[in-house]
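J.: Everything below, folded, please.
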Amino acid sequence: MDHHNGHNHSHHHNDLKGRNLFISILLNILITASQVVGGIVSGSLALLSDALHNFSDVLSLIVSYIANKLAKKKASAHRTFGYKRAEILAAFINASTLIIVAILLIIEAIKRFQNPEEIESNLVIWLSLLGIVANGLSVLLLKKDSEANMNMRSAYLHLLTDMMASVAVLIGGLLMKFYQIYWVDSALTLAIAIYLIWMGYDLLKDSTKVLMLFTPDSVPIKQIVKEINAFEKIKNVHHVHVWQLNEEEIHLEAHIDFNEDITLSQFDVILREIEEFVFKQYYINHVNIQPEFRKDDVKDVIVQD
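T.: The predicted structure follows:
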């Protein structure tokens, strides 16, 4: 089976992803610097918390950008898979930072609830508008890629939550300006933090599953074993491992016990049939089979190595 179709298109698309990420990094550096200065001058915790969140975004976007570059590097004798998992690792780091930042914001919001302070609302309003525009542009740049790539989704989620946070800060600024409701600053900080945890949890869970080599949810191992067992000449499928290397590759390896002592050319025909079957039915695109005949080994489907 040919696993290299559309390589040139993929390379061009990766370059575009990298460019969009780089633009988003520059926009977020601008927002972060503005919000840090504005938060200190105005005394707004919501603005400073949004700046902290934006700073974590700058770091996460840099991680995503580096991972995107590394993922294009070729395999070598020392790195036989290349850097294909770099983007999954980036997604894990980014999801973790989302949750850590959220916890820090919750602690600060609770402290500020106990000691509310007067805030310079005009500055809060203008800087939140800047955040909405810049983050909105970044979200549009990354939206398409976020649908098919975990690393890009982690960057996209950071930016989307930033845009939502800026909207919340704008509403808070307007309430403080016209109604002098200063506790809303802490309430919005708390809401932003809870939203970050909610958004980060699923991504953290998904990236952890891939890093831990868990079987993808879309792959029913017992059903696959049953269907391969029905192939002619196959006696038993056992010692099965299925894992996801990255978002493009799902690997299957297994031992197959044959009913008779078949030739290598016969095995190649059966192997091709298995490859085509698992690819069409379950999108498994890398298959490694160990053929056996009357070998004395454990015949369980799952064997602890």
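J.: For stretch 115-125, buried residues please.
T.: 119-121, 123-125 (16 or more other Cβ atoms under 10 Å). The C-beta positions use only the backbone N, C-alpha and C, and glycine is treated the same way.
J.: Equivalent analysis for stretch 167-175, please.
T.: Applying 16+ other Cβ under 10 Å to stretch 167-175 flags 167-170, 172-175 as buried.
J.: Report the backbone C-alpha coordinates of it in PDB.
T.: Taking only C-alpha atoms (Å, rounded to 0.1, in the frame of the first residue of the first chain), the coordinates of stretch 167-175 have been written out as PDB:
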ATOM      1  CA  VAL A 167     -15.100  39.800  25.200                       C
ATOM      2  CA  ALA A 168     -15.700  39.100  28.900                       C
ATOM      3  CA  VAL A 169     -13.200  41.800  29.900                       C
ATOM      4  CA  LEU A 170     -14.900  44.300  27.500                       C
ATOM      5  CA  ILE A 171     -18.300  43.600  29.100                       C
ATOM      6  CA  GLY A 172     -16.700  44.000  32.600                       C
ATOM      7  CA  GLY A 173     -15.100  47.200  31.500                       C
ATOM      8  CA  LEU A 174     -18.400  48.600  30.400                       C
ATOM      9  CA  LEU A 175     -20.200  47.500  33.600                       C
END
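J.: mind checking how far that stretch is from the chain centre?
T.: Stretch 167-175 has its C-alpha centroid displaced from the chain centroid by 30 Å (Cα atoms, centre = their mean, to the nearest Å).
J.: Could I get the average pLDDT for it?
T.: Per-residue pLDDT over stretch 167-175 has a mean of 83.
J.: Which stretches in this structure count as strands?
T.: 234-244, 250-258, 286-292 (DSSP state E).
J.: Could you give the separation of stretch 127-140 from the chain centroid?
T.: For stretch 127-140, the distance to the chain centre is 22 Å (Cα atoms, centre = their mean).
J.: Any chance you could list what contacts that stretch?
T.: 23-24, 27-28, 30-31, 34-35, 38, 47, 50, 54, 156, 159-160, 162-163, 165-167, 169-170, 173 (Cβ atoms under 8 Å, 6 or more residues apart in numbering).
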